[in-house]
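>>> From the sequence below, what's the structure:
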Amino acid sequence: MSNSVTLTDNRNGKSYEFPIYDANIGPSVVDMSSFYKQTGMFSYDEGLTSTATCKSEITYIDGDAGTLMHRGYPIEWLAENKVFLDVIHLLLYKELPSKERLEAFRYELKKRSFIHEGMHKLFDAFPDKAHPMAVLQASVASLSTFYPDHLNMDMDIRKNYMETAARIIAKIPTLVATAYRYKNGFPMAYPDLDRGFTENFLYMLRTYPYDHVKLKPIEVKALDTIFMLHADHEQNASTSTVRAVGSTQAHPYACISAGIGALWGHAHGGANEGVIRMLEEIGSVDRVDEFIKKAKDKNDPFRLMGFGHRVYKNFDPRAKVLKKLRDQLIDEIGIDTNLIKVASRIEEIALNDDYFVKRNLYPNVDFHSGLILKALGIPNEMFACLFVIGRTPGWIAQWIEFKEQETQKIVRPRQLYLGETKR
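Residues are numbered from 1 along each chain as shown. Modelled structure (predicted):
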């Protein structure tokens, strides 16, 4: 093999050769698919932190350089020049849409945004205290019961699965808004076809009893940007979950529902909600130093939420975009002054304190998105649901990519067994 790596077992002196595949950009990979066949052993990589589980053309991340690109377009450029709908189209169809195509795509999503009337009984059956993410996951899974004909569509036909992708992306905001309104005892709000994708979602949240509230362009822009910045993030836990479930040939409704369950975890989609809880716990600027001290104490359970990232080691490119938007919101609609003062003080310390600098604990996307969502009047427990709206296009694009690849092996990881032997 011209490009390969050789592994030697020191126990018996045997050597094994495995091919190396080069990426267009980023790290090369060693093809370990024949490792067990050659060696009789499994590779061990807890958390899959050094394992590529698929080939993809959708999203590229360089954590050391702070780079995030969707199909070659840097996220900063997309956020500055495009809207969320452009990015959805880019993820699904591999190219940014023309003006005419964007309008046609917008119309397609609008007409699919309504949900079956029978679903109102489903929402009505949930307890008032049900968490919105539980309601959302259940309602997405239930789409197959309200639209049973969708289950009979041949998902090997591109027209059918692209149509299903549009359905899911269009209905998720309506399901989120409906969950919110039922939880608060508000009457049902139907989509307004005269409004854009993100504006319509805010409208469904705020219409009666809040008809007097006018949507300001900066509000729509801020939320649209949050959606865009969460559209896809390579093979994270929830995306990998969607791909894994998809490998069983489960219907996309089941795959997306599973992704929602994975995203619900506090270590994944609940981080921005955790930021607000942290700021509320600190309470005032004069207590910041006390909590910074707690954050540095390895024996203290308190953790500084919204700082650092598993992937990005220098800065989170999405955070820079949201910091600018957050400042605009402060000027135009105002943010809870106490929360923003606490957040600003924490940010100031973290960016200049050697303890945080050496550990790459800089503000990430969750730190700023939590404050923006709070400024938009979104309740804390709804934050993860909005994450779902943003991430669904990425999930379904990843599912489509898997569907269109030549090999579609069912995901079947191995294990290091440490239990009892035969007895």
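>>> continuing past the lowest-mean-pLDDT helix or strand in the chain, what's the next helix or strand?
Using mean pLDDT, DSSP states H and E, the weakest-scoring helix or strand in the chain turns out to be helix 317-332, at a mean of 84. Of the helices and strands lying after helix 317-332 in sequence (DSSP states H and E), the nearest is helix 337-352.
>>> Would you pull up how far that next one lies from the middle of the chain?
25 Å (Cα atoms, centre = their mean, to the nearest Å).
>>> how about that helix as CSV, C-alpha atoms only?
The C-alpha coordinates for helix 337-352 follow below in CSV (Å, rounded to 0.1, in the frame of the first residue of the first chain):
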residue,chain,number,x,y,z
THR,A,337,-29.6,44.6,32.8
ASN,A,338,-28.7,42.5,35.8
LEU,A,339,-28.1,39.4,33.8
ILE,A,340,-26.0,41.2,31.1
LYS,A,341,-23.9,42.9,33.8
VAL,A,342,-23.2,39.6,35.5
ALA,A,343,-22.4,38.0,32.1
SER,A,344,-20.2,40.8,31.0
ARG,A,345,-18.2,40.7,34.2
ILE,A,346,-17.7,36.9,33.9
GLU,A,347,-16.6,37.3,30.3
GLU,A,348,-14.1,40.0,31.2
ILE,A,349,-12.5,37.8,33.9
ALA,A,350,-12.4,34.7,31.8
LEU,A,351,-10.7,36.4,28.9
ASN,A,352,-8.0,37.8,31.1
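>>> State the pLDDT value of D211.
If you check D211, the pLDDT there is 60.
>>> circling back to that earlier point, for the least confident helix or strand of the chain, which helices and strands make contact with it?
Under the contact definition 3 or more Cβ pairs under 8 Å, 6 or more residues apart in numbering; DSSP states H and E, helix 317-332 sits against strand 67-70, helix 75-81, helix 217-229, helix 365-375. In short, each C-beta sits where N, CA and C put it, glycine included.
>>> and among the ones you listed, the most buried is which?
For the helices and strands packed on helix 317-332, the largest average neighbour count (mean count of other Cβ atoms under 10 Å) is found in helix 365-375, namely a mean of 25.
>>> Check the model's average confidence along that one for me.
For helix 365-375, mean pLDDT rounds to 87.
>>> Next, count neighbours for the residue nearest to L193 when sequence neighbours are not counted.
Leaving out its chain neighbours, the residue that sits closest to L193 by Cβ to Cβ, 6 or more residues apart in numbering is K110, at 5.0 Å. When neighbours are counted by other Cβ atoms under 10 Å, K110 registers 18.
>>> Can we start the residue count at 143 from this point?
Yes, from this point I'll number from 143; that puts the last item at K252.
>>> What helix or strand is K252 located in?
Element membership for K252, per DSSP H and E: helix 241-253.
>>> and the helix or strand just after that helix, what does it pack onto?
Proceeding N to C from helix 241-253, the next assigned helix or strand is helix 261-267, under DSSP H and E. For helix 261-267, the packing partners by 3+ Cβ pairs under 8 Å, 6+ apart come out as helix 274-288, helix 300-325.
>>> List the buried residues of helix 261-267.
For helix 261-267, a neighbour-count test (16 or more other Cβ atoms under 10 Å) marks M261, L264, F265 as buried.
>>> circling back: select, out of the helices and strands packed on helix 261-267, the one closest to A404.
helix 274-288 (10.0 Å; Cβ to Cβ).
>>> thinking again about what came up before, who's in contact with the least confident helix or strand of the chain?
Identification of contacts with helix 459-474 by Cβ atoms under 8 Å, 6 or more residues apart in numbering yields 208-210, 216-218, 221-222, 358, 360-361, 363-364, 367-368, 371, 477, 482, 504-507, 509-511, 513-514, 517.
>>> hang on, the earlier thing: can you name the residues in contact with the helix holding K252?
Outside helix 241-253, the residues touching it (Cβ under 8 Å, 6+ apart) are 227-228, 230-231, 239, 308, 311-312, 333, 335, 338-339, 342.
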